[in-house]
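Asker: Please find the sequence and the predicted model below.
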Amino acid sequence: MKTDILLAGVGGQGILSIASILGEAALRENLFLKQAETHGMSQRGGAVISHLRISDKEIASDLIAKGSAEIILSVEPMEALRYLPFLSKTGYLVTNTTPFENIVNYPNIEDILNEVKKQPFFIAIDADKIAKEIGNHRASNVVMLGAATPFIQINPEKIEDGIVHIFRKKGDEMVQLNLKAFRAGREFALKNR
Amino acid sequence: MQKNLLLGVEAVAQGSIDGGISGVYAYPGTPSTEITEYIQENKLAIEKGIRSKWSANEKTAYEAALGMSYAGKRSMVCMKHVGLNVAADAFMNSAITGINGGMVVTVADDPSMHSSQNEQDSRYYARFAMIPAFEPSNQQEAYDMTRDAFQVSEETGVPVMVRITTRLAHSRTGVERSEVIKENLLEMPDDPSQFVLLPFNARKRYKSLLNKQELFEQLSENSKYNFLKIGSDKKLGIIACGIAYNYLKENFSDKECPHSILKISQYPIPVKMLAELEKNCDEVLVLEEGYPIVEEAVKGIFKKEIKVNGKLNGVLPRDGELNVDIVSKALGKAINEGPQIPELVVNRPPALCQGCGHHDMYQALNEAVSIYSKGRVFSDIGCYALGALPPYESIYSCVDMGASVTMAKGAADAGLIPSIAVIGDSTFTHSGVTGLLDAVNDKSNIVVVISDNESVSMTGGQESSALGRIESICEGVGVDPNHIRVLVPLRKNHDNMVQAFNEELSYNGVSVLIFRRECIQAMAKRKRMEKIAKEVSLK
C-alpha cells in the first residue's frame, strides 16, 4: 500500500494541520510516513505545498514524483491546478471551490472550476460554506481532509483519533467542531465521487 | 517502539540534546530556525538547563559556542547558509584554534532559494576550513550524525559541520533516539596557548590542522555513513551525496539498482572508495544537492579518463534543488508527468499580512519620496523586503543583513541625496548598528527607517535582540536625539508620518525614524501563549 498526497493551498490556510492529522493517523496504523512542507517566506500569503507520503514499506524520497500523486488535496481552487503535473492517471483532484483572492490578477473562478471539472476524477466542494454551516469557517481545512478520505487507505476512525489528538489542547469544543467538519466533508465526497 | 515524528531540523535538535550539549547558539534563518526553537521548547532540554536564547547574529552565536567549547562543554551553533558568511571569520579561525568541548556547526542550505537570496553550498566552507562535515541523507541520519558529530569533534579536536538542505530540514518522518549522553564537566584546555592565534601560535596550530587531514580522510573511509556497493552493471557508477541518495533509491524502489553506488555523507571525500568505484565503471554520474563540489573533485581524483556526468556537463541542472524527476531524467528514465498546468494559473508570491505596520510605513514613505526621482530607497532582509513588490514597489535593494544602512550611506556619499534605508528592528541589531556608526562618523546625509515590529517576523516571530533598545542604541552611536523620532504606523497617523519624513529628508545629517507597532503574527502567537498560560494557572 502506498498513498502519495499533494497538499496545496495558500500560507495560513491550514494545510500543515491536515498533514499533522494524517501523520498522526499513519503512525497509529504503524505505517511509514514522509511529509515535506513549506516554511519561511511563502507562509506569508504565498502558494504553499506539502508532499505527504504514506506507505507500508520504507519511503526513500521526501518529494513525490511527477505523475504519481494519488490525491491532490487543495484548500484553494487555483492552487489545485498548479500541481496537476504531479497527479497520476488514476488520481483524484480534491479541491475547495472557495477562492482565496489575495492577488490582483486572480483569474475568473468559473474558468478555474471548469479546469477542475475537466479532470477525469475530481471532488469539488465548497468547504468554506460547509464549515460555516457547522459553526466555524476556519474548520474548512478539516472539511477538505474529510473529502479526501475515501481515497486514502487509512481507516477513517484512525484519522478521527488523529483529529482528537491534534485539537485536544484547544479544548473539547474545537475537537467536536472538527470531527463534525471531517464527517461532513467525507459524506460529501462519498455522495459525489 | 513508536518512532518520534520529527522534521529534519528537529532531528538535528534532538540529536544535539541527546549528544550532550550544554548550549545552542543561533540567529533565526530559514531553513534552520526550528532547530533552536525545538531545543527552547524541549522538556528534557529545559530540565537540563541547556542554554538556548537567541543571539544577536550568527557571528556572536558562533563565538559564544566556541567559548562554551573552550570551557570544556559541548556546544552547537546553527544558522542558514548565508549566516555562515556573517560568522565566517570566527568559523575559519575556529578550525585553527580547534576546540576543547565538542563543537558542531549546523548549517542549513537553501537550494532553489525558497527563502533566501542565494543558494551557496556550505560544503565549500567545510573544505575551506579543512574540517570534517556530515551531510545526512534522511532524518534518522540527521539525528545520528549530529549526536555522533560531537564525538568526532572531540576525537579530532576541531569543530565539525552538519550540512542539511531545505527539503530534509522541513520534511518529517519517524526517527529513533539513542541513549542520552551526559554533559561534559567544566574543563580548561590542556594547552593555554591553543586559542591564542598570534602568528607564532597560529602557524603551529595551522600545521596541526594540516597534519590532521589524513585522519579526517580515514574517518570518512571508515564512516558508517559512507559506503560503496558494487553493482552488476559495470558501465555506469553513481555517486550520491546526502539527500540525493534518497532520490536515487526512489528510482529503484521496486528493484535492485544494477549500478555501483558510492554514497557520501561524510567529508572529506573518501578517496579510496572513489578509486574503488573508478575500477568498476566506465562512466560516473554525480548526484549532489547544491554546487558541484564532489563532481569537480572527482575529476581531479580519478586516474583514468572517465566521463563524469553531473551539473557541469548539463546532465543535471546547475541551479535549484534536486528531486526524484531530475534524478530519473539523469538516469535516462521516462517521466510520466500528469496533466499540464492550465494557462490561467498565475503566480501567488508572498505578501505582507493584512494589518501589518509595514503597510502604513510604506504608504507614508511612498508619498514622501514621490517628489524625488525613483531609486533612493535601500532595504534589507526581512518581511519588509516584500515592499519591492506591488502595490508599493518602494525599495531598490535587498542584499544582505544590514546592507540598507551602509548602501544608503554610500549612495549619499556619491551624491544621491536624499538616500533612505529601510531596515527591521532585529536586522538592525544583527548588522545595522555598525553601519549607522559609520554614517554618524562621516556625517552622511541619510534617513534610516527602522520598521520596528518588535520581533523577528519572517522566520515566525522570534524574540528580537533589539526589543526596547533601539532609541538608546541610536543615541549611543551618536545620532542627534532631535533626529531620532518614534512613530506608530497606523492609517490614522498617515499625515504625521509623511510630515516626519519630509522634515527628516530635508535635514542634512543622519536621521532615524522608528515606526513601532508589534507584528500581528507575533501578537497572535503571544496572545495564544498567554491564554494557554492563564488556563494552566487556573488549573
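Answerer: Arrived safely, thanks for sending. Numbers count the residues shown, from 1 in each chain, chains lettered A, B, ... in the order given.
Asker: In three-state terms, label the residue nearest the centre of chain A for me.
Answerer: Central residue of chain A (C-alpha atoms, centre = their mean): A:L73, 3.8 Å from the mean position. State at A:L73, reduced to three classes by DSSP: H, G, I helix; E, B strand; the rest coil: strand.
Asker: Please name the bridge partners of it.
Answerer: Beta-bridge partners for A:L73, by DSSP bridges, are A:L7, A:V94.
Asker: got the contact list for it?
Answerer: A:I5, A:L6, A:L7, A:A8, A:I18, A:V94, A:T95, A:M144, A:L145, A:A147, A:A148 (C-beta atoms under 8 Å, 6 or more residues apart in numbering or on different chains). All C-beta atoms are positioned from the backbone trio N, CA, C, and that covers glycine.
Asker: can you rerun that using 6 Å?
Answerer: The contact partners of A:L73, by C-beta atoms under 6 Å, 6 or more residues apart in numbering or on different chains, come to A:I5, A:L7, A:V94, A:A148.
Asker: could those residues be laid out in CSV, adding distance to B:G15, neighbour count and pLDDT?
Answerer: Formatted as CSV, the contacts of A:L73 follow (distance: C-beta to C-beta, whole Å; neighbours: other C-beta atoms under 10 Å in any protein chain shown; pLDDT from 0 to 100):
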residue, distance to B:G15, neighbour count, pLDDT
A:I5, 28, 25, 97
A:L7, 28, 30, 97
A:V94, 37, 31, 98
A:A148, 34, 27, 97
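Asker: what's the farthest-apart pair in those?
Answerer: Using C-beta to C-beta, the contacts of A:L73 span at most 10.1 Å, a distance reached by A:L7 and A:V94.
Asker: Is it correct that A:A19 is in contact with A:V48?
Answerer: No - using C-beta atoms under 6 Å, A:A19 makes no contact with A:V48, being 10.7 Å away.
Asker: Which one of these two is surrounded by more residues?
Answerer: A:V48 (26 against 22; other C-beta atoms under 10 Å in any protein chain shown).
Asker: Now do the SS call for that one.
Answerer: strand.
Asker: Contacts only, for it.
Answerer: Here A:V48 is in contact with A:G9, A:G11, A:T38, A:S42 (C-beta under 6 Å, 6+ apart).
Asker: Contacting chain B as well, which ones from those?
Answerer: Among these, the ones lying near chain B by C-beta under 6 Å from any C-beta of the partner chain are A:S42.
Asker: name the helices or strands packed onto the strand or helix carrying B:K234?
Answerer: Using DSSP states H and E, B:K234 falls within strand B:233-241. Applying 3 or more C-beta pairs under 6 Å, 6 or more residues apart in numbering or on different chains; DSSP states H and E, one finds that strand B:233-241 contacts strand B:259-264, strand B:283-287.
Asker: hey, where'd the strands end up in chain A?
Answerer: Assigned by DSSP state E, the strands in chain A fall at A:2-10, A:32-36, A:47-55, A:69-74, A:87-96, A:122-125.
Asker: What mean pLDDT does the fourth one get?
Answerer: The average pLDDT for strand A:69-74 rounds to 98.
Asker: Can you measure across stretch B:169-177, start residue to end residue?
Answerer: Using C-alpha to C-alpha, to the nearest Å, the end-to-end distance of stretch B:169-177 comes to 18 Å.
Asker: Please identify the deepest-packed of the strands of chain A.
Answerer: Of the strands of chain A, the one with the most neighbours on average (mean count of other C-beta atoms under 10 Å in any protein chain shown) is strand A:69-74, at a mean of 27.
Asker: what angle do that strand and strand A:87-96 make?
Answerer: Orientation note: strand A:69-74 sits at an angle of 20 degrees relative to strand A:87-96 (axes from the mean of the first three to the mean of the last three C-alpha atoms, to 10 degrees).
Asker: Could you tell me how far strand A:69-74 lies from the centre of the chain?
Answerer: Relative to its chain's centre, strand A:69-74 lies at 7 Å (C-alpha atoms, centre = their mean, to the nearest Å).
Asker: tell me the domain boundaries of chain B?
Answerer: B:4-211, B:227-330, B:357-523 (automatic domain parsing).
Asker: would you list these in JSON lines and tack on mean neighbour count and mean pLDDT?
Answerer: Output for the domains of chain B, formatted as JSON lines (neighbours: other C-beta atoms under 10 Å in any protein chain shown; pLDDT from 0 to 100):
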{"stretch": "domain B:4-211", "mean neighbour count": "22", "mean pLDDT": "97"}
{"stretch": "domain B:227-330", "mean neighbour count": "19", "mean pLDDT": "96"}
{"stretch": "domain B:357-523", "mean neighbour count": "20", "mean pLDDT": "97"}
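Asker: Nearest to B:I341, out of those?
Answerer: Of those, nearest to B:I341 by C-beta to C-beta is domain B:227-330, at 14.8 Å.
Asker: give the contact list for B:A65.
Answerer: B:Y25, B:S75, B:V77.
Asker: Just those residues: which are in strands?
Answerer: Among the contacts of B:A65, the members falling in strands are B:Y25, B:S75, B:V77 (criterion: DSSP E).
Asker: quick one: the last one and B:E63 touch, right?
Answerer: Pointing back at B:V77 there. No - B:V77 is beyond contact range of B:E63, at 8.9 Å (criterion: C-beta under 6 Å).
Asker: quick one, phi psi at B:M497?
Answerer: Note on B:M497: its backbone torsions stand at phi -70, psi -40 [degrees, to the nearest 10].
Asker: what does chain A have sitting close to chain B?
Answerer: A:23, A:34-37, A:39-42, A:44-47, A:60-63, A:65-67, A:78, A:81-82, A:84-87, A:103, A:105, A:107, A:111, A:115.
Asker: Show the buried residues in those.
Answerer: A:23, A:34-37, A:39-42, A:44-47, A:60-63, A:65-67, A:78, A:81-82, A:84-87, A:103, A:107, A:115 (16 or more other C-beta atoms under 10 Å in any protein chain shown).
Asker: excluding its backbone neighbours, what's nearest the most centrally placed residue in chain B?
Answerer: By C-alpha atoms, centre = their mean, the mean C-alpha position of chain B lies nearest to B:K80, the distance being 0.2 Å. The spatially closest residue to B:K80, leaving aside those adjacent along the chain, is B:G29, at 3.4 Å (C-beta to C-beta, 6 or more residues apart in numbering or on different chains).
Asker: residues in contact with that neighbour?
Answerer: Contacts of B:G29 (C-beta under 6 Å, 6+ apart): B:M79, B:K80, B:G83.
Asker: do you know how far it is from B:L513?
Answerer: Distance of B:G29 to B:L513, computed by C-beta to C-beta, to the nearest Å: 26 Å.
Asker: How about A:F188?
Answerer: In terms of C-beta to C-beta, A:F188 sits 53 Å off from B:L513.
Asker: ok, now B:T406?
Answerer: Taking C-beta to C-beta, one finds B:T406 at 18 Å from B:L513.
Asker: Pull up the residues of the stretch 101-250 of chain B that are close to chain A.
Answerer: B:H114, B:S115, B:R167, B:H170, B:S171, B:R172, B:T173, B:N246, B:Y247, B:K249, B:E250.
Asker: Quick check, B:A126 in contact with B:A133.
Answerer: Yes - in this structure B:A126 lies within contact range of B:A133 using C-beta under 6 Å: 3.7 Å.
Asker: Now the residue in the stretch 51-200 of chain B that chain A sits nearest to: closest residue in space, sequence neighbours ignored.
Answerer: Here the residue of the stretch 51-200 of chain B nearest chain A is B:S115; by C-beta to the nearest C-beta that distance is 3.2 Å. Leaving aside its sequence neighbours, B:S115 sits nearest to A:G40 (C-beta to C-beta, 6+ apart; 3.2 Å).
Asker: Identify the residues contacting the one you found.
Answerer: B:T30, B:H114, B:S115.
Asker: swap in A:V10?
Answerer: Counted by C-beta under 6 Å, 6+ apart, A:V10 has contacts A:E76, A:F100.
Asker: Look up how far B:L287 lies from it.
Answerer: With distances taken as C-beta to C-beta, A:V10 is found 33 Å from B:L287.
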